[in-house]
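# next one to model:
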Amino acid sequence: MSSVLPSHDEVGDRRDRSRPFAVVVTFGGIAVLLALIPTIDTSAIATFPAAFWLCAALAVAGELLPIRAPRGGEIEEVGVSTTFGFAILLGFGTGAAAVVFGFASVVGDVVNGKSLWKTLFNIAQYVLSVAAAGAVYVLLEGPREMSAGALGPIALAALAFFVVNDGLTSTVIALSRDLPIGPYLLDDLVFQAATAAALCALAPVVLVLAEIDVLLVPLVVVPVGAVYLGATASLHNTELVHRLEIALEQEKELGRLKDDFVAVVSHELRTPLTSIQGYIKTMLQLGSQLGTREERSFLEAADRQSDRLRRLIEQLLAVARLESHVEPITLSPVSVQQVARHVVDELHASGHGQTFDLRFDATLPLVETDEAKVHQILSNLVENALKYSPPDTRICVRGARMSDGVVVSVEDEGAGIPEEAQERIFERFFQVDSSATRSVGGTGLGLYICRKLADAIGGRLWLERSGPEGTVFRLWIPDRPPSSDEADPEQLLPVGAGLSR
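Now for the predicted structure:
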């Protein structure tokens with residue numbers, strides 16, 4: 001039969017409304033199977049052993065190789081084992097069909113690595129479907145030999161098989177997804193019914209061919225195999241198209257980000273240049289009319305703007321080096337506390353009355369790393385804390401031992417980063433506020449560069465938390481950079497490290 005993937009995989013994965021229903025179906029189906037086993041007509045099997053075992057083998061193959069095809073944005077799975085299992089039901093009885101369907105289901109589930117719970121449910125679903133179909137066929141006195149008079153009982157038995165199988169499958173999936181059962185059962189009903197009709201209609205054909213010559217039975221596999229190959233190719237093409245669509249979306253988004261980046265960089269470059277030119281032209285025009293104090297003030301302002309321009313150019317050059325993987329690493333014993341102290345001393349004057357609180361464990365060892373890169377990362381983090389913190393607040397820089405390395409935290413008391421933006425703040429060009437009227441400048445490269453530099457020294461940079469009470473970034477620096485055959489630095493961190501909260 002057919003189902004929408006993951007089909008029965010959802011059974012047992014969620015502790016929801018589907019569990020009681022699945023338990024009842026499982027125990028009921030297993031009980032019916034145990035009751036049907038003694039009814040197996042061994043004499044019929046002994047009369048046509050080749051036909052029975054060939055159909056059983058093809059039923060197992062059908063479970064192992066279901067036809068998968070794209071449909072409605074999902075993957076539709078059609079198990080062709082129905083044809084050969086239903087043929088056994090018509091030719092050898094309900095008990096034999098139940099055992100074959102159950103065995104085929106077990107083999108398929110074991111190969112696909114499904115849990116015991118899911119395997120038992122699948123067995124029960126097949127057994128109950130076979131039992132319903134067999135009961136209808138017996139009540140209508142359907143014959144073992146295929147003839148025109150058997151078409152009516154065959155059609156009604158197939159209908160019973162479909163109703164029970166599709167009903168059980170759709171109900172458990174609807175319950176597991178917390179969807180209304182009725183609408184879910186009716187959804188795509190025509191396709192499901194048509195598929196079931198086609199699979200069951202081939203069953204009497206199999207028996208007729210087996211009566212003529214059992215070697216003719218594999219001929220039924222030819223059109224099924226053709227459908228299998230066509231559906232597999234279609235699924236592969238659909239996946240390729242989907243990947244292409246994703247790639248095009250990503251390219252489109254990257255193009256948009258680059259356009260925004262060019263606009264932002266143009267603005268960020270023009271602003272300090274305009275200021276520098278303005279101060280210099282004013283000094284040239286006024287000349288001796290300016291007093292010493294005014295001249296010094298103008299020069300200091302021009303110097304601040306040129307420093308801002310220098311930092312922007314350094315960011316752009318750093319991105320170019322990181323993207324081309326030519327960023328050199330210079331290792332030396334480094335005191336992280338000393339680096340943090342230098343960063344704070346350099347940036348203290350650019351604040352707006354914020355106070356700094358440095359708290360480092362006295363026993364922190366030296367780490368073997370690239371001092372310039374650690375300095376650049378901490379400088380960017382502290383500079384962000386200054387930009388996004390209100391005046392007269394506190395910025396705390398902490399250092400402690402963690403997992404064969406040192407972790408440095410930069411904490412501010414700003415308004416925090418919106419939750420929807422926290423997962424993207426380390427992306428290239430991304431800015432929480434990219435509008436032209438934003439209150440804080442920037443290119444959207446700072447945190448991206450910091451993350452890349454942290455990776456380059458074998459460390460890890462992440463957002464620990466952010467909210468109305470402030471934001472905390474953490475940088476973990478290993479005692480020494482790991483070699484290529486050592487574990488990923490992220491694996492050395494405590495559980496939960498690296499996740500935004």
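
# report pLDDT for residue 284.
On pLDDT, residue 284 comes in at 85.

# residues in contact with it?
By Cβ atoms under 8 Å, 6 or more residues apart in numbering, no residues touch residue 284. Yep, even glycine has a C-beta here, placed from its N, CA and C like the rest.

# now it: how far from residue 318?
When distance is defined by Cβ to Cβ, to the nearest Å, residue 284 is 34 Å away from residue 318.

# chain center to stretch 288-296, what's the gap?
Going by Cα atoms, centre = their mean, to the nearest Å, the spacing between the C-alpha centre of stretch 288-296 and its chain's C-alpha centre is 63 Å.

# could I have the CA atoms of it written out in PDB?
C-alpha atoms of stretch 288-296 as PDB (Å, rounded to 0.1, in the frame of the first residue of the first chain):
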ATOM      1  CA  SER A 288      45.500  81.800  11.700                       C
ATOM      2  CA  GLN A 289      42.000  82.800  12.900                       C
ATOM      3  CA  LEU A 290      41.800  79.500  14.800                       C
ATOM      4  CA  GLY A 291      43.300  79.400  18.200                       C
ATOM      5  CA  THR A 292      45.500  76.700  19.600                       C
ATOM      6  CA  ARG A 293      42.600  75.000  21.400                       C
ATOM      7  CA  GLU A 294      40.400  75.000  18.300                       C
ATOM      8  CA  GLU A 295      43.200  73.600  16.100                       C
ATOM      9  CA  ARG A 296      43.900  70.800  18.600                       C
END
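
# which residues touch that stretch?
Contacts of stretch 288-296 (Cβ under 8 Å, 6+ apart): 283, 298.

# one more time with 6 Å
If you take Cβ atoms under 6 Å, 6 or more residues apart in numbering as the criterion, stretch 288-296 is touched by no other residue.

# what's the neighbour count on the residue lying closest to residue 221 once chain neighbours are set aside?
Leaving out its chain neighbours, the residue that sits closest to residue 221 by Cβ to Cβ, 6 or more residues apart in numbering is residue 58, at 6.8 Å. A count of neighbours around residue 58, defined by other Cβ atoms under 10 Å, yields 24.

# hmm, who's touching the helix or strand harbouring residue 58?
Per DSSP states H and E, residue 58 falls inside helix 49-64. Residues outside helix 49-64 that contact it (Cβ under 6 Å, 6+ apart): 45, 79-81, 84-85, 87-88, 92, 100, 104, 107-108, 210, 214, 217.

# out of the residues you listed, who's nearest residue 423?
Of all those, residue 423 sits closest to residue 108, with 38.3 Å by Cβ to Cβ.

# OK, contacts around that closest one?
For residue 108, the contacting residues are 63, 64, by Cβ under 6 Å, 6+ apart.

# so it is in which element?
According to DSSP H and E, residue 108 maps onto helix 94-111.

# in a strand, residue 368, correct?
Yes - assessed by DSSP: H, G, I helix; E, B strand; the rest coil, residue 368 belongs to a strand.

# my read: it touches residue 329, true?
No - counting by Cβ atoms under 6 Å, residue 368 does not reach residue 329; the two are 10.8 Å apart.
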